[in-house]
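Participant: need a 3D model of the following:
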Amino acid sequence: MEQEATAEETTSMEDIHEDESQQEKETLSQEEKSSDEIYETEEQQEIEKLKQEAEEWKNSSLRAQADLDNVRRRAKEEKEKAAKYRAQDLIESLLPVLDNFERAISASPESEEASSLLEGVNMVYSQFLEAVQKEGLEVIETKGQTFDPHQHQAVMQVEEDGFESNQIVEELQKGYKLKDKVIRPAMVKVNV
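Facilitator: Coordinates of the predicted model:
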């Protein structure tokens, strides 16, 4: 009987040791799992943080590219504009010369010598006008036109028969455009 009791006690003690060992293993396994979960969570947070940083860098890069494109476009437009109107200063300084030529040509010669001189002036004027027209100078039309404040400067308003309201009655000074830009509006008399 004693031997049986001792054998039972031994078996019971072994079971207890096995249980304890199993519990320790489970505890260790749970700790490892917990540690792995914490590691995975930190890793995911780090990945999310890096994704946000990558997105911010991408947006920043796109904005910088857009800014650079705008700077290039503006520089190109300014360069084209400068090339298009390169002769503007020179032509503006020559407009009074054109005015004087036209006054001289409109004079009535009283002698043959004056007629010959006027013919020469007319030839020089024609060559001069052709040269500036090659640079893009155009006369602003006024005859029969409706007043346009973008091209005409009204210096007088009159009531004339035969003209519609706001129609140009008379041109007092020629106006000019350089290509599509008005460099001197035409001075006109406008019907009320």
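Participant: let me know the average pLDDT across stretch 175-185.
Facilitator: Mean pLDDT, computed over stretch 175-185, is 95.
Participant: tally of neighbours for Ser60?
Facilitator: Around Ser60 there are 10 other residues, counting by other Cβ atoms under 10 Å. For the C-beta atoms, the positions are set from N, CA and C on the backbone; glycine is no exception.
Participant: gap between Ser61 and Leu68?
Facilitator: To Leu68, Ser61 is 10 Å away according to Cβ to Cβ, to the nearest Å.
Participant: please enumerate the helices of the protein.
Facilitator: 2-84, 88-106, 112-134 (DSSP state H).
Participant: show me where pLDDT drops low in the chain?
Facilitator: Low-confidence segments of the chain (pLDDT under 70): 1-11.
Participant: check contacts around Met156.
Facilitator: Met156 makes contacts with 172, 189-190, as judged by Cβ atoms under 8 Å, 6 or more residues apart in numbering.
Participant: go again with 7 Å.
Facilitator: Neighbour list for Met156: Lys189 [criterion: Cβ atoms under 7 Å, 6 or more residues apart in numbering].
Participant: identify the bridge partners of it.
Facilitator: Beta bridges link Met156 to Lys189, judged by DSSP bridges.
Participant: about what we covered before: tell me which of the helices of the chain lies nearest to Val155.
Facilitator: Among the helices of the chain, the nearest to Val155 by Cβ to Cβ is helix 88-106 (15.5 Å).
Participant: quick one: distance of the closest one to the chain centre.
Facilitator: 36 Å (Cα atoms, centre = their mean, to the nearest Å).
Participant: now swap in stretch 34-51 and tell me
Facilitator: Relative to the chain's own centre, stretch 34-51 is displaced by 45 Å; criterion: Cα atoms, centre = their mean.
Participant: in CSV, list the helices of the chain along with distance to His150.
Facilitator: Output for the helices of the chain, formatted as CSV (distance: least, Cβ to Cβ, whole Å):
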stretch, distance to His150
helix 2-84, 19
helix 88-106, 17
helix 112-134, 21
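Participant: with respect to Pro149, which of those helices lies nearest?
Facilitator: Among the helices of the chain, helix 88-106 comes nearest to Pro149, with 20.2 Å by Cβ to Cβ.
Participant: any buried residues in that closest one, and which?
Facilitator: Of all the residues in helix 88-106, those buried under the rule 16 or more other Cβ atoms under 10 Å are 88, 91, 94-95, 98, 101.
Participant: what sits up against it?
Facilitator: Under the contact criterion Cβ under 7 Å, 6+ apart, helix 88-106 has outside partners 118, 121-122, 125, 128-129, 132, 135, 137, 176, 178, 183-184.
Participant: try it again at 10 Å.
Facilitator: Under the criterion Cβ atoms under 10 Å, 6 or more residues apart in numbering, residues 82, 85, 87, 117-119, 121-122, 124-126, 128-129, 131-132, 135-137, 139, 173-176, 178-179, 181, 183-184 lie in contact with helix 88-106.
Participant: buried subset of those, written for ChimeraX?
Facilitator: Burial among the contacts of helix 88-106 is assessed by 16+ other Cβ under 10 Å; the matching ChimeraX selection reads:
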select :85,87,118,125,132,136,137,175,176,178,183,184
